[in-house]
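A.B. asks: can't give you the sequence, but here's the structure:
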């Protein structure tokens, strides 16, 4: 929090957003999306396992897509975490008919117009590329650096993700089948 406040004081483009309590990553993402004033939004975890220096490289690919999702190259996690992630990504992709290599990588850049339309329910950060596609976004992937965890401890493990993840994947599948993408305009301007 102090780091963000310091950055916000130095750069008027930076805004520090604080939720009144910890409501999880999905709520934090949605709060940031709604507060964003720029045309491009970047997300990353606070543990700095992803290198913020990769953001400009991701942004270079926005000429071909609306979302550039990072894929953790040479992932610096233990075998159990890497394998459970691989299995979860495979199951998630099979159920949602998607092909997201590494949905657990929070490092991504996206056009704000798409991010602001996504409704984030608890746990939906795990499906963000899929939800963005529902809103019409073109999603591409790109390898990004991944470093060993130096700060904090992961809040995610097999025990607290397995059952919730199974329920959530069926919820997302339901959303894919029921989602309607629409836009409105002021028809009085036609007169």
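C.D. replies: Noted; the coordinates are in hand. Just so it is clear, the model here is predicted, and its values are computed rather than measured. Residues are numbered from 1 along each chain as shown.
A.B. asks: output the below-cut-off pLDDT ranges for this structure.
C.D. replies: In the predicted model of the chain, residues 151-162, 191 satisfy pLDDT under 70.
A.B. asks: pull the longest helix from this protein.
C.D. replies: Counting by DSSP state H, the longest helix found in the chain is helix 158-178.
A.B. asks: quick one: it to chain centroid distance?
C.D. replies: What separates the centre of helix 158-178 from the centre of its chain is 16 Å, taken as CA atoms, centre = their mean, to the nearest Å.
A.B. asks: and the helices in the protein?
C.D. replies: Secondary structure of the chain (DSSP H): helices at 2-10, 25-35, 55-60, 79-96, 112-115, 128-134, 158-178.
A.B. asks: same for the second one, what does it pack against?
C.D. replies: Pointing back at helix 25-35 there. Contacts defined by 3 or more CB pairs under 8 Å, 6 or more residues apart in numbering; DSSP states H and E place helix 25-35 against strand 40-43. The C-beta positions use only the backbone N, C-alpha and C, and glycine is treated the same way.
A.B. asks: quick one on the thing from earlier: tabulate the helices of the chain (TSV), appending mean neighbour count and distance to residue 148.
C.D. replies: Shown next, in TSV, are the helices of the chain (neighbours: other CB atoms under 10 Å; distance: least, CB to CB, whole Å):
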stretch	mean neighbour count	distance to residue 148
helix 2-10	11	20
helix 25-35	17	20
helix 55-60	15	20
helix 79-96	14	12
helix 112-115	19	29
helix 128-134	22	24
helix 158-178	13	20
